[in-house]
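1. quick one, structure for this:
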Amino acid sequence: MTFERDQPAGEDNSAALNERESQQHTQRPVISGWRRVASILGPGIITASAGNDAGGIATYAQAGAQWKYNFIWLMVVITFCLIIVQEMCARMGAVTGKGLSDLIREKFGPRWTLFAVLAILIANGGTVVTEFAGIAAALELVGVTRYISVPLMAFVLWWLVVKGTYGRVKTIFLVFSMVFLTYIPAAFISHPHWREVGMSTIHPAFYWRQSAYTLALVALIGTTITPYMQIMLQSSVAEEGVTAAEYPRGEKWDTILGCIYSDIISVFIIVATAVALFHLPAGSVQVKDAGAAAQALRPVAGPLTVYLFALGLFGASVLAGAVLPLATSYSVCESLGFQTGLDNDFRDAKVFYILFTGLLFGGAAIALIPGIDPLRLMYYVQAIEGCILPIILIFIMLIINDSEVMTTLRNGPVFNFLAWTTTVAVSVVAFAYLLMTYVLPLFGVKFG
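-> Modelled structure (predicted):
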């Protein structure tokens, strides 16, 4: 997969790009070698890991419990698609120094931008609630009430983000990304038959005539590739000041490794729950949320697996609980022209921090309301995300191929074919999910 590096878009565009890179180099010290690569690493891993949030963990767990190892092949395909989408956004951030919403506003005007931003604001705001529900579920497994855990973690996340610099916040997020490693020993403790895992990946069984299988397939794709991941990654790369010249040596590989890392973790979640729960009678286990998945593991896999699963759920929910409000704040402020960035203080980026604070504490407060159903909330959130994902992907494809924006780093022919194929495939899946989950049931057609 290559990008076009010939046929420059014109002297004006090249000069503008060179001027921007020159300004970025004068704003910070030049670091060479492995230290520069190490300083760039982070946004790709953090963003992809945040995609494995509480809702994602529940989806992977249900796939393992219901279909055993039969969806591991799909995770391989999804990883390839995720790499393509995330890499384009990281590249746009490096070349333009701007976030995705900012570029959409410049290229397509305020109407389309307003539609996308409002949908993202509603969807992400709802998802923040489910992340705090995940924090509550994880710590309730070790005896901590949600009325302590949720307010405490909301304040901790607010303090880390508002009072910290970008570099410090990135380091903390990277640490939480490593918590996902607990799912690996959780899978091994369950004693899976690795030969069966391998064979199911190479020669999976397909159940196309079963509607529940098709619904699980589209749900797995939808929970792995979500709009806020693209927004957060591009804004983070732009904020780091990664230049087009530096991008191939650092951030490109951070993005690719982040996608691979997050989906490997997803596979281990599927394996752990498949071993523990698949053999149980059909219908006896319904993984409605990640907390229920951990509880269901207890009588089969033992308490250690439950605690490892709970630790992973806690890390996932904390990471996503911070990244989602940040991604939303970046998107809204970029589209409206307000200052963004964690290296700006409150006075310089007032709207950015107010919006982040409102989303964070608002989500935490709603999660504490007695009788709140995070599963039903996620049901509607996924509908909104399913509507906006194809639109966001098309925006990405149009911008990445715009020579005025990307100069010599627009997509090459081979990469463009793969990217458009991914865009069409993911859009079809999103449409199928909306149709099967929300439209056809209105006419008496039930799935799952």
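
2. and the helix or strand that contains Ser101, which residues are buried?
-> Using DSSP states H and E, Ser101 falls within helix 100-108. By 16 or more other C-beta atoms under 10 Å, the buried positions in helix 100-108 come out as 100-105. Every residue, glycine included, has its C-beta placed from N, CA and C.

3. Gln86: which of those residues is nearest?
-> Comparing the buried residues of helix 100-108 against Gln86 with C-beta to C-beta places Leu100 closest, at 11.6 Å.

4. was I right to think the closest one contacts Ser235?
-> Yes - the criterion here is C-beta atoms under 8 Å, and Leu100 meets it with Ser235 at 7.3 Å.

5. joint contacts of the two?
-> Residues touching both Leu100 and Ser235 (C-beta atoms under 8 Å, 6 or more residues apart in numbering): 331, 334.

6. what about the helices in the stretch 201-350 of the chain?
-> For the stretch 201-350 of the chain, helices defined by DSSP state H, counting those that start in this stretch occupy the ranges 211-224, 227-240, 251-277, 290-301, 303-336, 350-367.

7. scratch that, the stretch 51-200 of the chain
-> Going by DSSP H, counting those that start in this stretch, the stretch 51-200 of the chain shows helices at 54-67, 72-96, 100-108, 110-140, 146-163, 166-178, 183-189, 194-202.

8. most tightly packed of the ones you listed?
-> Most buried of the helices of the stretch 51-200 of the chain, by mean neighbour count (mean count of other C-beta atoms under 10 Å): helix 54-67, with a mean of 27.

9. number of residues surrounding the closest residue to Ala65 other than its chain neighbours?
-> Excluding the flanking residues, the one nearest Ala65 by C-beta to C-beta, 6 or more residues apart in numbering is Leu277, at 3.8 Å. Leu277 has 23 neighbours, counted by other C-beta atoms under 10 Å.

10. wait, Leu277 sits on Gly64?
-> Yes - taking contacts as C-beta under 8 Å, Leu277 lies within contact range of Gly64: 6.9 Å.

11. low-scoring pLDDT stretches of this structure, where are they?
-> Counting by pLDDT under 70, the ranges of the chain that qualify are 1-41, 279-302, 375-376, 379, 447-448.

12. got a list of what Ile265 touches?
-> Going by C-beta under 8 Å, 6+ apart, Ile265 touches 49, 52, 180-181, 183-184, 312.

13. most neighbours, which of these?
-> Within these, most neighbours by other C-beta under 10 Å means Tyr183, with 30 neighbours.

14. separation between it and Ile372?
-> Distance from Tyr183 to Ile372, counting by C-beta to C-beta, to the nearest Å: 27 Å.

15. and Tyr438, by the same measure?
-> Distance, Tyr438 to Ile372, by C-beta to C-beta: 21 Å.

16. same question for Ser236.
-> Between Ser236 and Ile372 the computed distance is 31 Å (C-beta to C-beta).

17. now Glu337: closest residue in space, sequence neighbours ignored.
-> Not quite, residue 337 is Gly, not Glu. Leaving aside its chain neighbours, Gly337 sits nearest to Arg105 (7.8 Å; criterion: C-beta to C-beta, 6+ apart).

18. let me know whether the one you found touches Phe338 as I believe.
-> No - Arg105 lies out of contact with Phe338 (C-beta under 8 Å); the separation is 11.6 Å.

19. now do the contacts for the residue nearest to Leu174 when sequence neighbours are not counted.
-> The spatial neighbour of Leu174 that comes closest, neighbours along the chain excluded (C-beta to C-beta, 6+ apart), is Gly42 at 5.7 Å. With contact set as C-beta under 8 Å, 6+ apart, Gly42 has these partners: 170-171, 173-174, 236, 240, 254.

20. what separates Gly42 from Thr113, distance-wise?
-> When Gly42 is compared with Thr113 (using C-beta to C-beta), they lie 27 Å apart.

21. export the helices of the stretch 201-350 of the chain as TSV, with columns for distance to Ala138.
-> Below are the helices of the stretch 201-350 of the chain laid out as TSV (distance: least, C-beta to C-beta, whole Å):
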stretch	distance to Ala138
helix 211-224	18
helix 227-240	21
helix 251-277	14
helix 290-301	7
helix 303-336	4
helix 350-367	13
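
22. single out the most deeply packed of the ones you listed.
-> Scoring the helices of the stretch 201-350 of the chain by mean neighbour count under mean count of other C-beta under 10 Å gives helix 227-240 as the most buried, with a mean of 27.

23. between helix 303-336 and it, find me the angle.
-> Computed by axes from the mean of the first three to the mean of the last three C-alpha atoms, to 10 degrees, the angle separating helix 227-240 from helix 303-336 equals 70 degrees.

24. mind listing residues that contact the helix holding Ser101?
-> For helix 100-108, the external contacting residues (C-beta under 8 Å, 6+ apart) are 89, 92, 96, 98, 112-113, 116-117, 230-231, 234-235, 330-332, 334-335, 337, 392, 395-396, 398-399, 402, 405.

25. residues touching Ile394, list them.
-> Ile394 makes contact with 423, 427, according to C-beta under 8 Å, 6+ apart.

26. what's the burial count for Glu404?
-> For Glu404, the tally of surrounding residues (other C-beta under 10 Å) stands at 13.

27. which SSE is immediately downstream of the helix or strand hosting it?
-> According to DSSP H and E, Glu404 maps onto helix 403-406. Where DSSP H and E defines the elements, the next helix or strand beyond helix 403-406 is helix 413-434.

28. ok, and what's touching that next one?
-> Counting by C-beta under 8 Å, 6+ apart, 1-3, 81, 84-85, 88, 214-215, 217-219, 221-222, 225, 382-383, 386-387, 389-390, 393-394, 396-397, 400-401, 411 sit against helix 413-434.

29. can you rerun that using 7 Å?
-> Helix 413-434 has contacts (C-beta atoms under 7 Å, 6 or more residues apart in numbering) with 1-3, 81, 84-85, 88, 218-219, 221-222, 225, 383, 386-387, 389-390, 393-394, 397, 401, 411.

30. likewise for stretch 313-323?
-> With contacts defined as C-beta under 7 Å, 6+ apart, stretch 313-323 is touched by 46-47, 49-50, 52-54, 57, 128, 131-132, 134-135, 137-139, 153, 157, 161, 173, 176-177, 179-180, 232, 290, 294.

31. ok, 8 Å please
-> Here stretch 313-323 has contacts from 46-47, 49-54, 56-57, 127-128, 131-135, 137-139, 153-154, 157, 160-161, 173, 176-177, 179-180, 182, 228, 232, 290-291, 294, 360, 363, using C-beta under 8 Å, 6+ apart.

32. okay then, goodbye and thanks.
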